[in-house]
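Visitor: This is a predicted model, with the sequence first.
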Protein chains: 2
Amino acid sequence: MNRRTSARLADVARIAGVSLSTASRALADPRLVHPDTRTRVDDAVRMLGYVAHGAARALASRRSRTIGAVVPTLDNPIFAHSTQALQRALGEAGYTLLLASHDYDAGTELAVTRALVERGVDGLVLVGTDHSPELYQFLARSGVPFELTWALDPDGHHHCIGFSNRLASLRITQHLLSLGHREFAVVSGHTAHNDRARERVAGVRDALAAHRLRLPAHRYMETAFSIASGRSALGALLDRDDAITAVVCGNDLLAFGALLECAARGVGVPAQVSVAGFDDIELAAEVAPPLTTLHIPTTDIGRRAAERLLARLAGKRVPRAEEVPVELVLRASVGPVRKSARRKKG
Amino acid sequence: MNRRTSARLADVARIAGVSLSTASRALADPRLVHPDTRTRVDDAVRMLGYVAHGAARALASRRSRTIGAVVPTLDNPIFAHSTQALQRALGEAGYTLLLASHDYDAGTELAVTRALVERGVDGLVLVGTDHSPELYQFLARSGVPFELTWALDPDGHHHCIGFSNRLASLRITQHLLSLGHREFAVVSGHTAHNDRARERVAGVRDALAAHRLRLPAHRYMETAFSIASGRSALGALLDRDDAITAVVCGNDLLAFGALLECAARGVGVPAQVSVAGFDDIELAAEVAPPLTTLHIPTTDIGRRAAERLLARLAGKRVPRAEEVPVELVLRASVGPVRKSARRKKG
DNA sequence: TTGTACGCGTTATCAT
DNA sequence: ATGATAACGCGTACAA
């Protein structure tokens, strides 16, 4: 560990023949120094291979040029995608992303968020509105500005960028209802510590209630957000009840798994629906339609979250809540109700 | 921005009635102080909602408890997955992940790596061995320890954790050859600034050469790593040449796209192969077999990268190169050569 | 436009 | 076991 301590700004200043503060200014805002001195400083920097010491810089300037993001998991492509967009937007603005995930555990979320704040992030990006009171309290005390994403804050207290998961889900269910479907099932992700999942299920129930329909308990399944889970969940549902004609899935991974199960059984569930969409996986529709998806602009969510946060850090005002447009994508093959699914085995 | 400056360690010390250094010790290593003083310090911490100032800590201790990761993109599930594993392992060890991506651009990679080093990361995790001389030089000068992942360094100079993409690809191709296939096509990811992609193609050529076979230019396609690209690439290949009986794809996204194209055309390409596997997407095999995959332990790569790096930071010695096992997964439906693919349209 | 000098909040060294 | 004090490397009034 006897790594020779690298060049400091003082060294740069000495080589360039200027004072420390001049060197500092030359790097912070080149317009503040004489062109000649600037080039001399730049030369010295190159010569020494000088790399600024972020910690010292952060300590003195009280900003780290760092933004923290806390996501449930990167294994869900939608979060990987929006995080990718977030990182890109931040990078272009000279900011660096500190990333943490919590696997849908509130305790972990608080711990990792604390770790990020401790690292001195200038701002935070969280997913959803469903966070423990302790977390909200911690955020308030720490004073770090934050953005909630993938949902809209119902109380309007917090800054957020997203969409109404409930309305989106309502919309897609209404569409199926308009096609004549009455026998619904739902494959949801786990709803604990997950407002998006809960809202999506609620949206289905809302739409059904408007038609005096209910979602029976045996047609509701909650599982992990993965293709494999989606597949086995639909399998279990169809084993229990083969009158089902429409399935609303909590996201595209679940929907894709459901499609696979249909394909394996050789049944054509008349309307296979995904509430959350991810461009690439939507192609799955071509394997085993019918599928209706709600296209969610994951990229926009990440990018706008970054832009909003940076704007706030720059002292600009931004609307507290911002809604991203969500688009219903209808497959050509989605049609009116046909004969119910039939089991192969059993 | 006149956010009241939060509690400092000095405040904690004052409230606890101890000196600054005692407070510091109580937090750094509780065993160093008297149990009574420790509880008094802890109480004061809770009372004030004290959160350590990472920058000051890093400045004084010369370590940031932060590790940087530079990946091509999180949009590729394999990197999302290994990054997720990396973040988890780091988090459990009290480290935080700084993440950056470069979209397969060498210039961007250098820039973001520099940004991470500037933020004071204690170590770095990179993907692959294919980095610009400038980057390697920068890493050497900065002295930051780093791990290369997803490949093995051919020269054995750098610390790495991964597998031989070339041998893996060779193996899968040999398997197809053993089934009697002779008419190969390859759908590869872009090979610029991507040693993994290049090695995978090379592995196919190696295997073919051993049978005195070549890969004609018109049966080779290079495209972006995505499902959509995989699909259209195979479409183009089949349009050109319908004698193809086996397709080796650069990764699972491409392979899945290829499967979709086969399904859409109603052809059964006798052996549809993916060189890189990702558990969930392997389920696609059930939609449109035949598919052979190489299962890669993405989680292990991320976790081991973290463990190796942290071990090195702790002064322990680790083998310079570590290979993760890669497993050939054969689908039941993969059989010997059948009649070639036939085009639907054209 | 440039330089001086102080402070940022913590750890580490050295006493006690 | 605890306390005083000197770094740590940089930003930024303030002065020149």
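Guide: Cool, got the structure.
Visitor: A:Leu79 - nearest residue in space that isn't next to it in sequence?
Guide: Actually, residue A:79 is Phe. It isn't Leu. In this structure, A:Phe79 finds its nearest non-sequential neighbour in A:Val71, 4.6 Å apart by CB to CB, 6 or more residues apart in numbering or on different chains. (Each C-beta comes from the backbone N, C-alpha and C, glycine too.)
Visitor: same thing with A:Gly17?
Guide: A:Gly17 sits nearest to A:Arg40 (CB to CB, 6+ apart), 6.7 Å away.
Visitor: Validate this expectation: that neighbour resides in a strand.
Guide: No. Looking at A:Arg40 with DSSP: H, G, I helix; E, B strand; the rest coil, it is helix, so not inside a strand.
Visitor: in the stretch 1-150 of chain A, which spans are strands?
Guide: For the stretch 1-150 of chain A, the strands defined by DSSP state E, counting those that start in this stretch cover A:66-71, A:96-101, A:123-127, A:146-149.
Visitor: Mean pLDDT, distance to A:Glu134 and mean neighbour count added to those, as TSV?
Guide: What follows is the strands of the stretch 1-150 of chain A, written out as TSV (pLDDT from 0 to 100; distance: least, CB to CB, whole Å; neighbours: other CB atoms under 10 Å in any protein chain shown):
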stretch	mean pLDDT	distance to A:Glu134	mean neighbour count
strand A:66-71	98	14	27
strand A:96-101	97	16	26
strand A:123-127	98	14	25
strand A:146-149	98	15	26
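Visitor: For those, give me a markdown table that also has distance to A:Leu110.
Guide: Formatted as a markdown table, the strands of the stretch 1-150 of chain A follow (distance: least, CB to CB, whole Å):
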| stretch | distance to A:Leu110 |
| --- | --- |
| strand A:66-71 | 10 |
| strand A:96-101 | 11 |
| strand A:123-127 | 11 |
| strand A:146-149 | 13 |
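Visitor: and of the ones you listed, who's closest to DNA strand D?
Guide: strand A:66-71 (13.9 Å; CB to the nearest atom of the strand).
Visitor: ok, the closest one: who's next to it in the sheet?
Guide: strand A:96-101 (parallel), strand A:123-127 (parallel) (DSSP bridges).
Visitor: and that strand with DNA strand D, contact?
Guide: No. Strand A:66-71 is not in contact with DNA strand D by CB under 7 Å from any atom of the strand; minimum separation 13.9 Å.
Visitor: Extract the CA atoms of that strand and return them as CSV.
Guide: The C-alpha atoms that make up strand A:66-71 are tabulated as CSV, following Å, rounded to 0.1, in the frame of the first residue of the first chain:
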residue,chain,number,x,y,z
THR,A,66,-22.5,13.1,-7.3
ILE,A,67,-26.1,11.8,-7.4
GLY,A,68,-27.4,8.7,-5.7
ALA,A,69,-30.0,6.3,-7.1
VAL,A,70,-31.8,3.7,-5.1
VAL,A,71,-33.6,1.0,-7.1
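Visitor: Just the residues contacting that strand, thanks.
Guide: A:58, A:79, A:83, A:86, A:90, A:95-102, A:109, A:112-113, A:116-117, A:119-127, A:306, A:309, B:98, B:119 (CB atoms under 8 Å, 6 or more residues apart in numbering or on different chains).
Visitor: contacting residues around the closest residue to DNA strand C within the stretch 151-300 of chain A?
Guide: Closest to DNA strand C within the stretch 151-300 of chain A is A:His159: 25.2 Å, counting by CB to the nearest atom of the strand. With CB under 8 Å, 6+ apart as the criterion, the residues that contact A:His159 are A:145-148, A:153, A:308, A:312, A:318, A:320-321.
Visitor: if you set the cut-off to 10 Å instead, what comes out?
Guide: A:123, A:145-149, A:153, A:305, A:308-309, A:312, A:318-322 (CB atoms under 10 Å, 6 or more residues apart in numbering or on different chains).
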